[in-house]
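J.: test case, fold it:
(2 chains, ligands or ions: 1)
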Amino acid sequence: MSEYKPTIGLEIHVQLATKTKIFCSCSTEFGDEPNTNVCPVCLGLPGALPVLNEKVVEYAVRLGSALNMTINKVSTFYRKNYFYPDLPKGYQITQYAIPIASEGFLEIKTKKGKRKIRIQRGHIEEDAGKSIHTGDITESQYSYIDFNRSGVPLMEIVTYPDIETAEEAYEFLVLLRKTVRYLGVSSGDMEKGALRCDVNVSVSKNDKIGTKVEIKNLNSFKSVRRAVEYEVKRQIDVLENGGSVVQETRHLNEKTGETVAMRTKEELNDYRYFPEPDLPPLILTDEFIEKIKKELPELPLQKEERFIKEYGIKEDYAHDIASSIELANYFEAVCRATKKPKEVANFLMTNIMKYLNKTGKQITEISFNEKKFAEFLSLIDNGTISKNIAKEVIDQSLETGKSPKEIVKERGLVQITDEDAIKEIVLEVLKENPKPVSQYLSGKTQTIGFLIGQVMKKTKGKANPQIVNKLLRNALMKMKK
Amino acid sequence: MDITELSISQLVKNIKSGEISVKEVMKSYIENINKKESKIKAFIHLDIDNALKKAEELDRMREKNGVLFGVPFAVKDNINVLNTETTAGSKILKGYISPYDATAVEKVKKENAIIIGKTNMDEFAMGSSTENSAFFPTHNPVNVEYVPGGSSGGSAAAVKSKEVLAALGSDTGGSVREPASFCGIVGLKPTYGLVSRYGLIAFSSSLDQIGPLARNVEDAAVLLNVIAGFDSRDETSVNIEKKDYTALLGKEIKGKKIGIIKEITDFDLQQEIKSALNKTVDTLNKLQAEVIEVSIPHLKYALPVYYIIAPSEASANLARFDGVRYGLIREGNNLKETYQLTRTEGFGEEVKRRILIGTFALSSGYYDAYYLKASKVRRIIANEFENAFKKVDALLLPTTATTAFKIGEKKSPLEMYATDIFTIPVNLAGLPAISIPSGNDKKGLPIGMQLIGKWFKEEELLQIAYSIENGG
Ligand SMILES: [Zn+2]
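T.: Next up, the predicted model:
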């Protein structure tokens, strides 16, 4: 039996993080009192007209460019006609024939190595309002509509069906989210609806693409993965049992992880697209496009690769640090201040990450800045604290906000480097542990580890481990003689 | 002095000099309203008390500013006026109070005109007789058995009957010029993009344009000075330099080239209108303008093209009237039923017909054959006008092929649509055009002559119209 090959395409709505809506000057603030950020335009009152927000264009060009797309110097707006209570004009203004951006790709890392996922188009459009049903939609007596979201700008990104696994779909979305955050064009928060994903899935044994099933309204990265996994399996089962896949729209049941067919009636929409007469074609100058391209920041994968090359840090550290622009900025700021990238990466990915996870804080919210980091690393370097103690110091500094020096001073954590002082303790330990000592002397030299541990315990970890090691060996050597 | 006979500039001059008070002006006009409105029925909404209050307010002002200071004014009911019922002549918007002023209204108010009411119209501007108003028909002040034209029939009738001095209308396929012609007044449709559409309830967005209805060319020019200009709230409004449209009035038109469209002979013209056209040509000759023949070969396709484009856009523009947020609401057992009940009851027959035509023309499988084809022919027509304007400064043709018809006389939609054959091409090309009175027919009904100007050359168009108006 030959293998089934899944073919997966994504349609992702990215909510652009402009301060005002796409066709009016109402605020896009999320979570305000319902129907407070509204005006005649976004309420679709008779006589009101749309005026395109230039910031939306700028953000779309930025995102399109970052996704390696061609920015179209002339693009057009269309009306997509359908009736729904939260669509105030009875049509959505969107781009259809010529989108603002077309033909690009995003390169993702997979188990098989790097893969280019081609992007077909990226177009800008307005969001609808939000329907709020009391209870189940079929039984709900009333529905409420919040038009605060009506007219919030979206950019829809449509990929080619280049994705082959649920994991790749997941990776693509993760990278897209990183990218929009890097660019500052969207919060990328899927739970707040700033990223919304529809998936097209088909399976086939040969080069002919199978019947496409669309899964709509997936609201988390995990849902996307689950939906694709389930849908691929379902379609293979159907085909293996001699059935055929029906072209339809399904949605994911979040509880069971199964996809369920939506009523097919909803697919019979004829949107009657036609050019939006209220908006002339959007014409962009070369200067405008070039300026935005020039100002594009370094993107996640580029940064990751540079971190490996420039700082010589481990690949997985580089990947994790580059996954967030804030983390990456922090890392680089500290590296500039300390010139010790490997140590910085180590402490960042262990102690600091642990602290962030525990407290739910962002890297930008901690007081352990590059200055404190530099002070901290110099304490290790000049032997003031041992590597063991260092972990305690950074944890305490993160926790309390006090400087590493203060922590060391307060807690008396200064490393004991005084050989006489350590020698005294070494002798004490040798006296108290005759058994391991005799074992060592009879050739079981690994017991020295236990003895070092005893010395460290007595000094509360403050003794310089190198000195302890040296003095212990010297003392044992003498006993042997 | 009969106050209601004064032109805008005369009236405003007299008010500003203290010769007459705004209250006196208003009272004279109210007298006319009281005498005539019950027969004419030009207004859907009339607020005389407020107009008087406003008049007293203006009289108390120390600085009497504004080129329309104290001018009794009317606005077509598809143009939004703040805190005023705005219905567009439709039952579906009955009781809808607008929360904002259209840009054109804002400008008229800023010049201190007094808006006394909202005028009747064919529902959503779809019609040529004002008989399609959801409320009542308006009667032609010249002869109340006849229609005043449409869709701005209420505005035209209010100006003609001197219930107001001037009014705003909207013109999608002739809705300012045709009623002006039927009522014997002046109606101007500006170049598409010269006057902001913000606040004009859209019928066909790529064709709609607000325009003045006035008693003479000068008043129309004064009004255009007020309402023209770039508006950042309308992306189709064009940013051109501010002009004084009265500047060329009275300047001789010697040597100007006026074109007569050859293809006009393909259409059946009422005999008296033919004569009026010839008489206007004589006047032009007398004024030493050069009259030459030009060709617009695709003229006859304008009507069918219009009846694809306009309903298509209308089908989308009118989708917002769904009984969910404002206006008429008829609740059904479910959402679809609510839509059906509301729209069935809320829209009149002609509006439904056009929504159906438009919805059909945009449907998948038909779009290319109808909407796209119509858009292409529209461009051809515009190009033919552009070529004609390489040879001439303006085009002359009748506004309509016949004078006004009786209320209830035209039965079929196609008969009614044909009324606009000479006005529609102008909207398709986005050109400016004006209708000026040109005598009466045997029945005493007014005839209108239409002059079409070059894009954004209203000052020249008004200059020629003024010369004909005063030189005949
Ligand atoms: Zn708004």
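J.: return the list of helices and strands in contact with the helix or strand containing residue B:220.
T.: Here residue B:220, judged by DSSP states H and E, is contained in helix B:217-227. Here helix B:217-227 touches helix B:8-16, helix B:103-110, strand B:166-170, strand B:186-189, strand B:210-214, strand B:433-440, helix B:458-471, going by 3 or more Cβ pairs under 8 Å, 6 or more residues apart in numbering or on different chains; DSSP states H and E. Glycine gets a C-beta too; all of them are placed from N, C-alpha and C.
J.: need these in CSV with mean neighbour count, mean pLDDT and distance to residue A:464, can you?
T.: Shown next, in CSV, are these (neighbours: other Cβ atoms under 10 Å in any protein chain shown; pLDDT from 0 to 100; distance: least, Cβ to Cβ, whole Å):
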stretch, mean neighbour count, mean pLDDT, distance to residue A:464
helix B:8-16, 19, 98, 98
helix B:103-110, 22, 98, 81
strand B:166-170, 30, 98, 90
strand B:186-189, 34, 98, 94
strand B:210-214, 29, 98, 88
strand B:433-440, 26, 98, 97
helix B:458-471, 23, 97, 93
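J.: of these, which is nearest residue A:298?
T.: helix B:103-110 (45.7 Å; Cβ to Cβ).
J.: between that closest one and strand B:210-214, how many degrees?
T.: Computed with axes from the mean of the first three to the mean of the last three Cα atoms, to 10 degrees, the direction of helix B:103-110 lies at 40 degrees from that of strand B:210-214.
J.: and helix B:103-110, how far from the chain's centre?
T.: Here helix B:103-110 is found 17 Å from its chain centre; the criterion is Cα atoms, centre = their mean, to the nearest Å.
J.: following it, which helix or strand shows up next?
T.: strand B:114-119.
J.: mind checking if that next one is in reach of chain A?
T.: No - counting by Cβ under 8 Å from any Cβ of the partner chain, chain A is not contacted by strand B:114-119; separation bottoms out at 13.0 Å.
J.: what does stretch B:328-340 give?
T.: Yes - using Cβ under 8 Å from any Cβ, stretch B:328-340 reaches chain A at B:335, B:339.
J.: from residue A:81, how far off is the residue in the stretch 251-400 of chain B that chain A sits nearest to?
T.: Residue nearest to chain A within the stretch 251-400 of chain B (Cβ to the nearest Cβ): residue B:319, separated by 2.4 Å. Here the criterion is Cβ to Cβ, to the nearest Å. By it, residue B:319 lies 6 Å from residue A:81.
J.: what's around the residue lying closest to residue B:257 once chain neighbours are set aside, how many residues?
T.: The shortest distance from residue B:257 to any non-neighbouring residue, by Cβ to Cβ, 6 or more residues apart in numbering or on different chains, is to residue B:392 (4.4 Å). By the criterion of other Cβ atoms under 10 Å in any protein chain shown, residue B:392 has 21 neighbours.
J.: how big is the angle separating the helix holding residue B:220 from helix B:103-110?
T.: Angle of helix B:217-227 versus helix B:103-110, following the same axes, to 10 degrees, is 100 degrees.
J.: could you export helix B:217-227 as PDB, CA atoms only?
T.: What follows is helix B:217-227, C-alpha atoms only, in PDB (Å, rounded to 0.1, in the frame of the first residue of the first chain):
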ATOM      1  CA  VAL B 217     -27.700  80.400 -13.300                       C
ATOM      2  CA  GLU B 218     -26.200  82.900 -11.000                       C
ATOM      3  CA  ASP B 219     -27.900  81.400  -7.900                       C
ATOM      4  CA  ALA B 220     -26.700  78.000  -9.000                       C
ATOM      5  CA  ALA B 221     -23.100  79.300  -9.300                       C
ATOM      6  CA  VAL B 222     -23.300  80.900  -5.800                       C
ATOM      7  CA  LEU B 223     -24.500  77.600  -4.400                       C
ATOM      8  CA  LEU B 224     -21.700  75.700  -6.200                       C
ATOM      9  CA  ASN B 225     -19.200  78.000  -4.600                       C
ATOM     10  CA  VAL B 226     -20.500  76.900  -1.300                       C
ATOM     11  CA  ILE B 227     -20.800  73.100  -1.700                       C
END
